[in-house]
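Novice: Any chance you can model this:
(one chain, ligands or ions: 3)
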Amino acid sequence: MSTSNVSLKNWVDEVARLTQPASIYWCTGSDAENSNLIEAMLESGDLIKLNQTTHPNCYLHRSDPSDVARVEHLTFVCTRSKEDAGPNNNWMEPGEAHRKVDALFAGAMRGRTLYVIPYCMGPIDSPYSRCGVEITDSPYVVANMRIMTRMGTEALRRIEREGSFVKGLHSIGDLSPERRYIMHFPEELTIKSIGSGYGGNALLGKKCHALRIASWQARDEGWLAEHMLIMGLQNPEGRTHYIAAAFPSACGKTNLAMLVPPASMPGWKIWTVGDDICWMQVDDEGRLRAINPEAGYFGVVPGTNSKTNHNAYDMIRRDTIFTNVAVTADGQPWWEGLEEGTPTTNWKGQPYTPGDGPAAHPNSRFTVSAKRNPIYSTLADAPEGVPISAILFGGRRREVAPLVYEAHDWAHGVLVGAGMASETTAAAVGQTGVVRRDSMAMKPFCGYNFGDYWQHWLSFEHKAKQLPRIFHVNWFRRDAQGRFMWPGFGENLRVLRWITERCEGKVGAQETAIGHLPRRQDFDLYGLDVDTATLDALLSVDAAAWRTEMQEIGTYLDQFGARVPDALRAQQRKVLAALG
Ligand SMILES: Nc1nc2c(ncn2[C@@H]2O[C@H](COP(=O)(O)OP(=O)(O)OP(=O)(O)O)[C@@H](O)[C@H]2O)c(=O)[nH]1
Ligand SMILES: O=C([O-])CC(=O)C(=O)O
Ligand SMILES: [Mn+2]
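Specialist: Ligands and ions are numbered 1, 2, ... in the order given. Predicted structure coming up:
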């Protein structure tokens with residue numbers, strides 16, 4: 001195969017000279033190509049066949065045990081000026097970064113096949129979509145990119161029409177953490193990733209392109225690239241509101257986007273547009289419109305069962321690639337929280353006996369096409385996207401953050417997002433359960449200085465005529481015994497109901513220093529199994545704790561120095577003053 005895009009052709013030639021592959025293969029995205037790849041991976045051991053009777057067309061990939069999550073300490077944004085990357089990113093001078101990784105790429109594909117993957121992020125015919133090409137030596141990456149993006153010939157044709165595309169070079173290298181780097185060159189629309197085969201590090205269309213590079217482009221071009229789910233909520237009268245929600249990694253986006261309404265809320269319907277990434281532009285009517293740049297889900301497996309999320313549970317019973325789950329004696333995938341079956345082999349492929357600790361890796365994942373989702377929105381493939389009524393920010397906070405509150409206005413909402421904090425999870429290497437600031441769930445993903453990013457968010461007050469309302473949610477408050485106080489999952493619809501009714505001006509709230517909170521009478525409590533004292537605790541503001549919180553947010557903003565917008569500092573001072 002060849003291409004009329006000279007810059008693409010030259011780049012592939014140049015990479016081949018550097019990496020020395022045994023052969024070069026241009027991916028078309030066809031079914032036959034995928035079957036051949038799967039066959040080859042079964043032979044090489046890259047994939048293991050799962051029970052094809054219970055789980056048709058499902059496979060297991062076991063990654064290197066040192067390569068199971070994103071590596072934030074090895075992820076760099078390489079801009080000419082260090083200030084442009086900001087204190088929120090690791091930075092390296094671009095020339096030095098290229099030299100460092102190119103030395104590792106030299107000869108890295110010897111004896112291997114170099115795959116060229118043209119892909120489109122977003123519906124192939126959408127003006128909001130953007131294309132890229134990933135070069136990789138990992139067939140697992142090819143199979144995953146085929147599920148996660150619109151990959152192959154159609155994307156290549158769009159690249160040939162448009163000319164420009166994001167260049168992503170990936171090799172698993174020797175998988176050594178000492179020789180692992182995820183480098184971004186936003187000014188060159190280039191990504192270089194070596195030494196990891198794990199999702200967020202290796203599927204370059206996802207975090208590297210659709211968030212880090214795209215956020216940079218979005219700032220320049222006046223749009224937003226965000227770590228958000230997109231969902232439609234249809235009320236019993238048949239009106240649908242679309243909501244975008246930013247929660248940090250492994251904090252509930254996939255689950256909220258695929259929510260199953262509780263039996264006590266008949267008539268409500270949920271539609272998934274996206275579960276991880278959201279690109280938003282201001283449309284002709286001055287509203288924010290969103291597309292999901294992805295075509296599949298790379299979701300957290302543990303915790304998924306028929307009660308927490310029946311949609312996800314059904315969805316991953318066929319045509320799914322599992323990564324790092326455990327296996328039962330009869331070859332079915334198994335994970336903590338599945339609540340059926342018994343694992344006999346752990347995620348590393350070793351014999352497992354109960355009591356050995358987790359059998360599946362806490363960050364084990366499924367890769368599955370969005371088309372497998374039983375509630376996939378008919379508008380998810382619409383080139384014009386969906387209009388957004390509300391934006392939610394949310395974290396995993398055992399204390400302080402109430403179940404839900406609404407920001408006073410857009411500028412205050414930007415502060416709510418900027419000051420977000422959450423407990424760290426297994427999605428990234430490092431200690432879990434540590435509270436850290438994760439501004440708009442973009443701490444690991446914003447490709448430029450957070451100070452500039454907040455300014456960009458504030459600027460939409462002038463760019464758009466009908467801005468979404470902004471809310472903050474927290475499903476993860478704990479009691480003194482460490483138990484979750486809120487049942488979560490399907491019951492989260494009660495919070496979403498209040499949110500959509502706020503958007504329609506139909507429901508009340510109490511005014512507090514941190515924003516509007518629902519009173520008990522504003523909330524759909526029918527059939528909810530939460531006692532009054534717990535509900536009151538979930539819906540109250542602890543002024544002392546919030547004074548500390550706002551002071552800490554102030555200190556956090558100070559880190560970004562002169563790049564912090566004055567309007568944001570003013571918001572922080574205003575809330576602090578209101579807390580008394
Ligand atoms: N207690 C509780 N747990 C939840 C809730 N929603 C999701 N979880 C759990 O949180 C974990 C991560 O949830 P996901 O929905 O996969 O997270 P995500 O935000 O899509 O994560 P990334 O793909 O890493 O960006 C899973 O183990 C879920 O079972 C909830 O409402 N309450
Ligand atoms: O990118 C990944 O590996 C998975 C993901 O969604 C995240 O970590 O937020
Ligand atoms: Mn994510």
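
Novice: and the protein, which residues reach ligand 3?
Specialist: Selection of the chain residues close to ligand 3 by Cβ under 5 Å from the ion yields Ser249, Asp276. All C-beta atoms are positioned from the backbone trio N, CA, C, and that covers glycine.

Novice: Repeat the analysis, applying 6 Å as the threshold.
Specialist: Counting by Cβ under 6 Å from the ion, the positions of the chain adjacent to ligand 3 are His227, Ser249, Asp276.

Novice: Turn these into TSV, including neighbour count.
Specialist: Below are the residues of the chain next to ligand 3 laid out as TSV (neighbours: other Cβ atoms under 10 Å):
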residue	neighbour count
His227	25
Ser249	25
Asp276	26
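
Novice: ok, the residues you listed vs Ala16, which is closest?
Specialist: Nearest to Ala16 among these is Asp276, at 32.0 Å by Cβ to Cβ.

Novice: who touches the closest one in this structure?
Specialist: Taking Cβ atoms under 8 Å, 6 or more residues apart in numbering, we find Asp276 in contact with Lys206, His227, Met228, Leu229, Lys253, Thr254, Glu294, Tyr297, Phe298.

Novice: now, the most widely separated pair of those residues?
Specialist: Met228 and Phe298 (15.1 Å).

Novice: more neighbours, the two?
Specialist: Met228 (30 against 22; other Cβ atoms under 10 Å).

Novice: Which members of the contacts of Asp276 are positioned in helices?
Specialist: If you go by DSSP state H, the contacts of Asp276 have Lys253, Thr254 in helices.

Novice: Name the nearest residue to the residue in the stretch 101-250 of the chain positioned nearest to ligand 3, ignoring sequence neighbours.
Specialist: Here the stretch 101-250 of the chain gets closest to ligand 3 at one residue, Ser249, 4.7 Å apart by Cβ to the ion. Spatial nearest neighbour of Ser249, chain neighbours left out: Ala427 (3.4 Å); criterion: Cβ to Cβ, 6 or more residues apart in numbering.

Novice: and what of Glu423?
Specialist: Of all residues not flanking Glu423 in the chain, Arg396 sits nearest, at 4.5 Å (Cβ to Cβ, 6+ apart).

Novice: Could you report the distance from that neighbour to Gly274?
Specialist: Counting by Cβ to Cβ, to the nearest Å, the gap between Arg396 and Gly274 amounts to 20 Å.

Novice: For these two, indicate the residue with more neighbours.
Specialist: More crowded of Arg396 and Gly274, by other Cβ under 10 Å: Gly274, with 26 against 23.

Novice: contacting residues around the more buried one?
Specialist: Met228, Leu229, Ile230, Ala257, Ala290, Ile291, Asn292, Pro293, Glu294, Ala370, Ala380.

Novice: And it, what's its pLDDT?
Specialist: Per-residue pLDDT puts Gly274 at 98.

Novice: mind checking the backbone torsions on it?
Specialist: Main-chain dihedrals, Gly274, degrees, to the nearest 10: phi -160, psi 160.

Novice: what about the helices in the stretch 401-550 of the chain?
Specialist: Per DSSP state H, counting those that start in this stretch, the stretch 401-550 of the chain has helices spanning 410-418, 450-463, 492-503, 532-538, 543-558. These are given in chain order.

Novice: what about the residue lying closest to Pro177 once chain neighbours are set aside, which SS state?
Specialist: Nearest residue to Pro177 in three dimensions, chain neighbours excluded: Ser66, at 5.5 Å (Cβ to Cβ, 6+ apart). Three-state call for Ser66 (DSSP: H, G, I helix; E, B strand; the rest coil): coil.

Novice: ok, Ser66 to Val325 distance?
Specialist: Taking Cβ to Cβ, one finds Ser66 at 18 Å from Val325.

Novice: More neighbours: which of those two?
Specialist: The neighbour count for Ser66 versus Val325, taken as other Cβ under 10 Å, is higher for Val325 (28 against 14).

Novice: tell me the contacts of that one?
Specialist: By Cβ under 8 Å, 6+ apart, the residues touching Val325 are Leu60, Val301, Pro333, Trp334, Trp335, Trp347, Ala360, His361, Ser364.

Novice: In helices only, show me those.
Specialist: Assigned to helices by DSSP H, none of the contacts of Val325 qualify.

Novice: Among these, which are located in strands?
Specialist: Judged by DSSP state E, strands contain the following of these: Leu60, Pro333, Trp334.

Novice: The second one: neighbour count?
Specialist: Looking back up the chat, that one is Pro333. Pro333 has 26 nearby residues by other Cβ under 10 Å.

Novice: pretty sure it contacts Phe322?
Specialist: Yes: Pro333 lies in contact with Phe322 (Cβ atoms under 8 Å); the separation is 4.9 Å.

Novice: Can you tell me the SS state at His170?
Specialist: Per three-state DSSP, the local secondary structure of His170 is strand.

Novice: Next up, phi/psi of the residue lying closest to it once chain neighbours are set aside, please.
Specialist: Nearest residue to His170 in three dimensions, chain neighbours excluded: Thr136, at 4.2 Å (Cβ to Cβ, 6+ apart). Per-residue torsions, Thr136: phi -150, psi 160 (degrees, to the nearest 10).

Novice: is it true that Thr136 touches Tyr119?
Specialist: No: applying Cβ under 8 Å as the test, Thr136 and Tyr119 come out as separate, 11.3 Å apart.

Novice: what sits in contact with each of these two?
Specialist: In terms of Cβ under 8 Å, 6+ apart, Thr136 and Tyr119 are both contacted by the residues Met145.

Novice: In terms of packing, which of the two has more residues around it?
Specialist: For Thr136 versus Tyr119, neighbours defined as other Cβ under 10 Å are more numerous around Tyr119 (32 against 28).

Novice: now the more buried one, which residues is it bridged with?
Specialist: Counting by DSSP bridges, Tyr119 forms beta bridges with Gly132, Met151.

Novice: near ligand 1, which residues of the stretch 151-300 of the chain?
Specialist: By Cβ under 6 Å from any ligand atom, the residues of the stretch 151-300 of the chain that approach ligand 1 are Phe247, Ser249, Ala250, Cys251, Gly252, Lys253, Thr254, Asn255, Asp275, Asp276, Gly299, Val300.
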